[in-house]
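In: Next comes the sequence, and after it the predicted model I'd like to discuss.
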Amino acid sequence: MDYLKEYRRKRKSAETPEPAGEVKKSGHNRFVVQEHQSSRLHYDFRLEITASPTGGEWVLKSWAVPKGVPIEAGIKHLAVAVEDHPVDYIDFEGTIPEGLYGAGTVRIWDSGQYELIKRTSKELEFTLKGKRLEGRYVLIQTGWKGKDNWLIFKAKEKNVKTV
Ligand code: MN
């Protein structure tokens, strides 16, 4: 299965500075949040993971988060699932020219490692170890309303450890 077909279909590879849609072997558990100043500012949250819960190639599972990934627990933000991105997009920063898909400036807002806790087709739970984002996060699908809408939030601590 060609998981990056949609990624390539949306882009003109000769014109965009973005990485080509090549599948690369991975196995790293990284994440990135890219601030994307396009027609509407949003943040793209991406997890380096197999394309499906049952396996497949390594890609960046991606969500567009209009309000950004919450830093504090208990705040739920909309995250719209978008096409899988190639693994090497994780380092991408730059300006996509006017007239192209996603035109505007992309810069890395946070990056780091994650540890997977749970994964189904409708829910992901993981611990983020980034510079800004830290702790246990949940991404959960809320159903189809024309778009593949999910919610992202930081889980509240179950056990408060005393020092
Ligand atoms: Mn974007």
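Out: That came through fine. Numbers count the residues shown, from 1 in each chain.
In: alpha carbons only for contacts and neighbour counts from here, please
Out: Noted.
In: Tell me which residues of the helix or strand of the chain with the lowest mean pLDDT come out buried.
Out: Every helix and strand in the chain was compared by mean pLDDT, DSSP states H and E; the lowest is strand 134-144, with a mean of 92. For strand 134-144, burial by neighbour count (16 or more other Cα atoms under 10 Å) applies to 134-141.
In: Please name every helix or strand in contact with it.
Out: On a contact count with 3 or more Cα pairs under 8 Å, 6 or more residues apart in numbering; DSSP states H and E, strand 134-144 meets strand 123-130, strand 148-154.
In: would you turn the ones you listed into CSV with mean neighbour count?
Out: Below are those laid out as CSV (neighbours: other Cα atoms under 10 Å):
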stretch, mean neighbour count
strand 123-130, 18
strand 148-154, 21
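In: quick check: angle from the longest strand seen in the chain to strand 123-130?
Out: Secondary structure of the chain read by DSSP state E shows that its longest strand is strand 104-119. Relative orientation of strand 104-119 and strand 123-130, computed by axes from the mean of the first three to the mean of the last three Cα atoms, to 10 degrees: 120 degrees.
In: what's in contact with strand 104-119?
Out: 29-39, 53, 91-98, 124-133 (Cα atoms under 8 Å, 6 or more residues apart in numbering).
In: Weed out the non-buried ones from those residues.
Out: 30-38, 93, 95-96, 124-130, 133.
In: residues contacting the residue nearest to Ala79 when sequence neighbours are not counted?
Out: Closest residue to Ala79 apart from its sequence neighbours, by Cα to Cα, 6 or more residues apart in numbering: Val65 at 4.5 Å. For Val65, the contact set (Cα under 8 Å, 6+ apart) comprises 42-45, 77-80.
In: Output those in TSV; the columns should cover secondary structure and distance to Thr105.
Out: As requested, the contacts of Val65 are exported to TSV (DSSP: H, G, I helix; E, B strand; the rest coil; distance: Cα to Cα, whole Å):
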residue	secondary structure	distance to Thr105
His42	strand	11
Tyr43	strand	11
Asp44	strand	12
Phe45	strand	15
His77	strand	22
Leu78	strand	21
Ala79	strand	20
Val80	strand	19
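In: Cheers, nothing more for now.
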